[in-house]
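# build me a model:
(2 chains)
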Amino acid sequence: MRGVCVQATLQQGPFELDVQAGFSGGAVTAILGGSGAGKSTLLRLIAGLEKPKRGQVAVNGDLWVDTAQKLFMAPQRRSVGFMFQDYALFDHMSVAANIAYGLKGSRDVRARAVSRWLKRMQLDKLGERSPKTLSGGQRQRVALARALATDPSVLLMDEPFSAIDAHLKTQLLDDVLEVVRDRKRCVLMVTHNVFEARAIADNIGVMAGGRLVRLGRADEVFDDPRAYEAAQMIGWRNLLPVVWVSGNRLGGAWGALDLDRAASIDAAWIGIRPERIRIEAAPGAGLPSTVTAVREIGPVREVECVLGNGMRLSAHKAWDAPVPAPGTRVGLVLPGEHVRTLVEGRSVSLGEGEIDRCDGPRRQREGTLA
Amino acid sequence: MNVDMSPFALSVQLAAMTLSVLLVIGLPLAWWLSMTKSPYKPVIEAINALPLVLPPTVLGFYLLVFLGPQGWAGRMWVSVFGHPLTFTFTGLVVASCIYSLPFVVQPLQGAFERLDRRTVEASLTLGAGWPRTFVRVILPQVRHGLLTACVLGFAHTIGEFGVVLMVGGNIPGETQVLSIAIYEHVEALDYAAAGSLSLMLVVLSFLGLLPLYTNSRKRRRLLREVAP
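Model (predicted):
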């Protein structure tokens, strides 16, 4: 597999990062997670700005870090483009000098490359300006050009759009996509914005408590988060704790339901997307509940219900579909095929020795994207 | 009036050599102090700051004992070079370095602490090694701190009296720096010579401090040349 393989543990005071995963080349992987989840630390580990306590980092089959062999490649020797959260531009240099900073070769070669990047990023007339005088969007493009000009194997972006106005974001997302898609480089983008991740990423990784709890293709992760922390991160609100599992039936204080498959014994929670919940007028069908509120959310109506034990579930209905009024007793049907079981506190992990095969044939496996 | 200019030349020479040595020691020390999370950091900072609060004669006395032929460092010096360190120009440089250390380290440490570290990391990830990163990214950002350190280190060494007298004595052409010569002229009631040398010291100190408070275009251009 071409891409980045990380199998490392890093200690920073009480915080521990423990990641064992592969991120494929030629794809954009968005790393989602809350504050302190370890997203930025993971990028810094790959860039060589942090040293792991133990483990390996391999890129396109080359080992960059292997604590067992006391191997640690200095950041300046790694082929990495790093876009920092607020860009870390060199304000004492011109825009052109910023872009040229990492370039090698003769003065002419560098000048041509800078001119190409200025044009590509629509910064043609700004080459001699100081980055301090540019707008947020322009600074972002300078940072992207500077990171990409060296043609790195890995592009790491730490919340690249956090300081950008919403109207600029779409344009910049397009810029990034256009630039990163034309080469087989591995792109890792840290964000806490689910919509941003969905717009740009082929793959999604979710981090919580220093661990990667879910990694998969974007559509798969949004359909089946598998981990409770991942479900929370991507905005799932319909989460119910599981107390017991028996065959394809599971339940908790909220009631019980049947799945269309055998339920995993590890299931700690169940989750379901709001548009998958059916509301039945007869309280006997499904989970008995009471409608507490009906809200218009864009093109849908959200019907919030409270179950017998006080837990809440929300169902989405089309804006023109009839919905029960608040106070109505209804039955909520959670179709087994759409209910997802979620584990809690588990990491995505590669098996023993998997990192040695990172440059092997592409294949789908837990924690590694083909 | 015939004023001996050798104390003036000696003071400038002492200040220049002290500053050179202090920059070599002070830059890595200040960098370490600004970056470290070591539990020993406060101890090192307190030791570094001692010359700021100790009377120069107290510091001079300890240095005399320490660097003298009976002291640990003095004995080692004699065994290597065959002559004592005290009452020599080299002894003055060593003593001045210790006395002026905080005046160089503290402005540098402050500048390094204010440095945007992500720009340093950006430079490294762009393939620049530490020497290039220092010259092109760190130096331009800490230039005001560096200038302050140079001016304070130089001016403080030029003006020192107590430590110099204790460690170097008053040997014309060897250890008789400007401040000692002024003191000797006053003792001899030669106010005209003392006045001339004092005026030189005032002018020299003023010229040394001036760049610190000047923000001319020319200085900015000079700094750009140092760190393009």
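# any weak-confidence spans in the stretch 151-300 of chain A?
A:163-164, A:167-168, A:179, A:181-183, A:283 (pLDDT under 70).
# and if we set it to 80?
For the stretch 151-300 of chain A, the stretches with pLDDT under 80 are A:161-184, A:282-284.
# same question for chain B.
Checking chain B against pLDDT under 80 turns up B:1-5, B:208-209, B:211-228.
# what ranges do the helices span in it?
With DSSP state H, the ranges of helices along chain B come out as B:6-35, B:41-53, B:56-67, B:72-81, B:89-114, B:117-125, B:130-133, B:139-159, B:162-168, B:178-187, B:191-213, B:217-226.
# between helix B:6-35 and the fifth one, find me the angle.
This points to helix B:89-114. Angle, helix B:89-114 to helix B:6-35, by axes from the mean of the first three to the mean of the last three CA atoms, to 10 degrees: 40 degrees.
# can helix B:89-114 be found next to chain A?
No. Using CB under 8 Å from any CB of the partner chain, helix B:89-114 stays clear of chain A, coming no nearer than 13.5 Å. In short, each C-beta sits where N, CA and C put it, glycine included.
# name the residues of that helix that are buried.
Within helix B:89-114, the residues scored as buried using 16 or more other CB atoms under 10 Å in any protein chain shown are B:89-112.
# quick revisit: pick the most deeply packed of the helices of chain B.
With neighbours defined as mean count of other CB atoms under 10 Å in any protein chain shown, these peak in mean count at helix B:162-168, which reaches a mean of 24.
# CA atoms of that one as CSV?
Provided in CSV are the C-alpha atoms of helix B:162-168 (Å, rounded to 0.1, in the frame of the first residue of the first chain):
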residue,chain,number,x,y,z
GLY,B,162,33.8,46.8,41.1
VAL,B,163,34.3,43.4,39.5
VAL,B,164,37.1,44.7,37.3
LEU,B,165,38.9,46.3,40.2
MET,B,166,38.7,43.1,42.3
VAL,B,167,39.7,40.6,39.6
GLY,B,168,41.9,42.8,37.4
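# which strands or helices does it pack on?
helix B:56-67, helix B:89-114, helix B:178-187 (3 or more CB pairs under 8 Å, 6 or more residues apart in numbering or on different chains; DSSP states H and E).
# which outside residues touch it?
With CB atoms under 8 Å, 6 or more residues apart in numbering or on different chains as the contact definition, helix B:162-168 has outside contacts at B:55-57, B:59-61, B:63-64, B:67, B:86-89, B:91-92, B:94-96, B:99, B:174-175, B:177, B:179-180, B:183.
# picking that back up, so which of the helices and strands packed on helix B:162-168 is nearest residue A:234?
Closest approach to residue A:234 among these is made by helix B:89-114 (39.4 Å; CB to CB).
# for chain A, longest helix please?
helix A:166-181.
# show me what counts as buried in the helix or strand following that helix.
Downstream of helix A:166-181, the next assigned helix or strand under DSSP states H and E is strand A:186-191. Neighbour counts using 16+ other CB under 10 Å place A:186, A:187, A:188, A:189, A:190, A:191 of strand A:186-191 among the buried residues.
# and what of stretch A:246-256?
Residues of stretch A:246-256 classed as buried by neighbour count (16+ other CB under 10 Å): A:250, A:251, A:252, A:254, A:255.
# same check on stretch A:34-41?
For stretch A:34-41, by 16+ other CB under 10 Å, it's A:37, A:38, A:39, A:40, A:41.
# could you dump these to TSV with secondary structure, pLDDT and distance to residue A:271?
Shown next, in TSV, are these (DSSP: H, G, I helix; E, B strand; the rest coil; pLDDT from 0 to 100; distance: CB to CB, whole Å):
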residue	secondary structure	pLDDT	distance to residue A:271
A:37	coil	91	19
A:38	coil	92	23
A:39	helix	93	22
A:40	helix	93	27
A:41	helix	94	27
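# closest to chain B out of these?
Nearest to chain B, judged by CB to the nearest CB, of the buried residues of stretch A:34-41 is residue A:40 at 11.0 Å.
# which residues does the closest one contact?
Neighbours of residue A:40 in contact, by CB under 8 Å, 6+ apart: A:85, A:158, A:159, A:190.
# give me that answer again for 6 Å
A:158, A:190 (CB atoms under 6 Å, 6 or more residues apart in numbering or on different chains).
# tell me how far it lies from residue B:204.
Residue A:40 sits 51 Å away from residue B:204, going by CB to CB, to the nearest Å.
# how about residue B:125?
45 Å.
# what values do phi and psi take at the residue in the stretch 201-350 of chain A positioned nearest to chain B?
Closest residue of the stretch 201-350 of chain A to chain B, CB to the nearest CB: residue A:210 (19.7 Å). When read as degrees, to the nearest 10, the backbone of residue A:210 gives phi 80, psi 0.
# wait, what's in contact with the nearest residue to residue A:341 once chain neighbours are set aside?
Of all residues not flanking residue A:341 in the chain, residue A:267 sits nearest, at 3.7 Å (CB to CB, 6 or more residues apart in numbering or on different chains). Residues near residue A:267 by CB under 6 Å, 6+ apart: A:242, A:245, A:341.
# would residue A:267 count as being in a helix?
No. Residue A:267 sits outside any helix when classified using DSSP: H, G, I helix; E, B strand; the rest coil, being coil.
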